[in-house]
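Visitor: Just the structure for this:
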Amino acid sequence: MLELMMIYWPYCLAALSFIFGLTAAVHVAMTKKEVRTAIGWVGVLILSPILGSIIYSMIGVNRIRRKTVTLHRRKASHFGQFHMRTYDVPVKFVRKKFGRYGVFMKKLGDKVNPCYQKSGNEIHILRGGDQAYNAILSAIEKAERSIFLETYIFDHDEIGKKIVKALADAVKRRVVVRVLIDAVGARYSFPSIVHVLKKHGVQVGIFNGNIIIGLRLPYANLRTHRKIIIIDGKYAFTGGMNIRAGCSVSLSGMRAFHDVHFCVKGPVLQDLFHVALEDWAFASGETLNADLWSIPSPLLPSGKGMFVRVVSSGPDDRNMGINHRMLLGAFSTAERSILIKTPYLLPDRELVSALVTAARRGVRVNIVVPDKNNLRLVDRAMHAQFDQLVRDNCRIWRSYGPFDHSKLISIDNYWVYIGTSNVDPRSLRLNFEIDLEVMDRKFAKAIAYDIRCSIENAREIKLGDLEKRPFFSRLLDHIVWLGSPYL
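Guide: Residues are numbered from 1 along each chain as shown. As a prediction, this is how the structure comes out:
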């Protein structure tokens, strides 16, 4: 037998290469929606059938894997949908307050999103880590019934320890506490905060993996990037801020990352609540008692306050590409101005086309990204795309100062998009994200003001400067850009 293997092993290897490569190539052709993506994967499989097949099975997020995740999430989602119909926003309200383009976005959101647009909401801006963490700690300390916390990163540092202590004290007061941390994000600090939370009696779930043995490798790209904290069903905190001392000026000084978080009140909490509990049930298998998490009566009457919609997106079939469609619709219907602040700017061809088309229509498109990025590879990939936007009258600004992790979009001083999504492939295709679509003129002007303040302390990217960069720098940028979907 051994002698036969020694003689025929090249033929066996060739047969395995053919079978693996052909199987993967057929799957690529049948499931990938973009021609360039499909051609790229087929090229990898032709050049290295076995290794290429292994790589594809690991990071080529495919329909089989998405269907598997979707199936598990649907099994986890057997609690009821929480919904106050009296706070749903009628089309006539939107038309009266925001005109026909507001109606276009209202109808788009209703079509692509399972969450309804709701009135009667309040959103308060928390600028910087110190303001946000102080508000979160105060809310946890005052909690009477329930606390739900979901985050991507929960570092084992000074801020993390303060929040652990506050959660542990809440458990001692018999408050029901659940904490959900992403398996990738939980590894950002060592030792992990998970063990400290468990030691203090806090029930913790790990999203799509574990800490000790390792990640579920076929699913390592499917992360929860959501940040949701819900206290007693009365108010919630969400936005782009993780739990880490690096966002606190009082602890990290002027090097601290800048970020923006939000405190939310009103009927929209019902949808945030539903998303969070679905994530918890998916990760832990536990269905929580809805009575402990019930939403109290809203403070504002129906039709008043901010019009807000939860946008829950992710790589499962049900939520795939919702944030991408919302942004595409908003850029395509903008009349006067598009203001964007994002740490990672890697739009796909559809979003690039929407932005440059808007600029050609006379819309003022201004995009702010940090001057110094915390991810050097991402920064190089971004450089490779700048010319696609600048060439067609979109203006890109690189803001000075500490790294800015904020994710803010304000359009025409009435429409706002805030939350956890970056303008990059990972947020728009791979991660589970949570965002808020807000229609409110006062709030939109406040977000626009924040972005314009960043522009005042920024340098503009000029096409001539991009073309003057050394050839090998530009070449390296474009090589890195080829891997941008997985950065």
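Visitor: which SS state does Tyr133 fall under?
Guide: helix (DSSP: H, G, I helix; E, B strand; the rest coil).
Visitor: Excluding sequence neighbours, find me the nearest residue to it.
Guide: Ile159 (5.7 Å; CB to CB, 6 or more residues apart in numbering). All C-beta spots, glycine's among them, are computed from the backbone N, C-alpha and C.
Visitor: Likewise for Gly233?
Guide: Nearest to Gly233 is Ile295, by CB to CB, 6+ apart, at 4.6 Å.
Visitor: What count of nearby residues applies to Glu141?
Guide: If you count neighbours by other CB atoms under 10 Å, Glu141 ends up with 14.
Visitor: how much space between it and Lys445?
Guide: 33 Å (CB to CB, to the nearest Å).
Visitor: For Tyr417, pull up the helix or strand it's in.
Guide: strand 415-419 (DSSP states H and E).
Visitor: So what are the sheet partners of that strand and their directions?
Guide: Note on strand 415-419: by DSSP bridges, its sheet partners are strand 408-411 (antiparallel), strand 433-439 (antiparallel).
Visitor: list the contacts for Ser146?
Guide: 175-177, 230-233, 292-293 (CB atoms under 8 Å, 6 or more residues apart in numbering).
Visitor: go again using 7 Å as the cut-off
Guide: 175-176, 232-233, 292-293 (CB atoms under 7 Å, 6 or more residues apart in numbering).
Visitor: so what's it bridging to?
Guide: Val176.
Visitor: Need the pLDDT of it.
Guide: Turning to Ser146, the model gives it a pLDDT of 93.
Visitor: ok, now how distant is Phe443 from Leu355?
Guide: Taken as CB to CB, the span from Phe443 to Leu355 is 23 Å.
Visitor: who has more neighbours, those two?
Guide: Comparing Phe443 with Leu355 by other CB under 10 Å, the one with more neighbours is Leu355, at 27 against 24.
Visitor: could you say what helices and strands the helix or strand hosting that one packs with?
Guide: Assigned by DSSP H and E, Leu355 belongs to helix 349-360. Counting contacts by 3 or more CB pairs under 7 Å, 6 or more residues apart in numbering; DSSP states H and E, helix 349-360 is packed against helix 322-333, strand 364-370, helix 376-390.
Visitor: Look up phi and psi at the spatially closest residue to Leu346 that is not a sequence neighbour.
Guide: Nearest residue to Leu346, sequence neighbours excluded (CB to CB, 6+ apart): Asp424, at 3.9 Å. Dihedral pair for Asp424: phi -150, psi 160, per degrees, to the nearest 10.
Visitor: and Asp424, how far is that from Ala168?
Guide: Applying CB to CB to Asp424 and Ala168 gives a distance of 36 Å.
Visitor: follow-up on the earlier one: adding mean neighbour count and distance to Ser484, write the helices and strands packed on helix 349-360 out as JSON lines.
Guide: Shown next, in JSON lines, are the helices and strands packed on helix 349-360 (neighbours: other CB atoms under 10 Å; distance: least, CB to CB, whole Å):
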{"stretch": "helix 322-333", "mean neighbour count": "22", "distance to Ser484": "15"}
{"stretch": "strand 364-370", "mean neighbour count": "23", "distance to Ser484": "14"}
{"stretch": "helix 376-390", "mean neighbour count": "19", "distance to Ser484": "4"}
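Visitor: Turn the ones you listed into a markdown table, columns for mean pLDDT and distance to Pro301.
Guide: Below are these laid out as a markdown table (pLDDT from 0 to 100; distance: least, CB to CB, whole Å):
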| stretch | mean pLDDT | distance to Pro301 |
| --- | --- | --- |
| helix 322-333 | 96 | 27 |
| strand 364-370 | 98 | 36 |
| helix 376-390 | 94 | 43 |
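Visitor: I'd like the ones you listed laid out as a markdown table, including distance to Arg469.
Guide: Listed next are the helices and strands packed on helix 349-360 as a markdown table, based on distance: least, CB to CB, whole Å:
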| stretch | distance to Arg469 |
| --- | --- |
| helix 322-333 | 27 |
| strand 364-370 | 16 |
| helix 376-390 | 8 |
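Visitor: Relative to Asn413, which of these is closest?
Guide: Closest approach to Asn413 among these (CB to CB): strand 364-370, 11.6 Å.
Visitor: Provide the strand pairings for the closest one, with the direction of each partner.
Guide: With DSSP bridges as the test, strand 364-370 pairs up with strand 337-341 (parallel), strand 395-399 (parallel).
Visitor: now the angle from the first one to helix 322-333?
Guide: In this case it means strand 337-341. Interaxial angle, strand 337-341 versus helix 322-333 (axes from the mean of the first three to the mean of the last three CA atoms, to 10 degrees): 150 degrees.
Visitor: how much distance is there from strand 337-341 to the middle of the chain?
Guide: 18 Å (CA atoms, centre = their mean, to the nearest Å).
Visitor: quick thing: my sequence starts at 51, can you match it?
Guide: Okay, residue one is now 51; in that scheme the one you just asked about reads as strand 387-391.
Visitor: Can you tell me which of the strands paired with strand 414-420 is most buried?
Guide: strand 387-391 (a mean of 23; mean count of other CB atoms under 10 Å).
Visitor: So what touches that strand?
Guide: 381, 408, 413-418, 454, 456, 458-462, 473, 498, 501, 504.
Visitor: ok, now stretch 369-379?
Guide: Against stretch 369-379 from outside (CB under 7 Å, 6+ apart): 116, 155, 158-159, 162-163, 361-363, 400-401, 404, 467, 471, 477-478, 483, 485, 487.
Visitor: Let's see that with 8 Å instead.
Guide: 116, 154-155, 158-159, 162-163, 361-364, 398, 400-401, 404, 459, 467, 471, 473, 477-479, 482-483, 485, 487.
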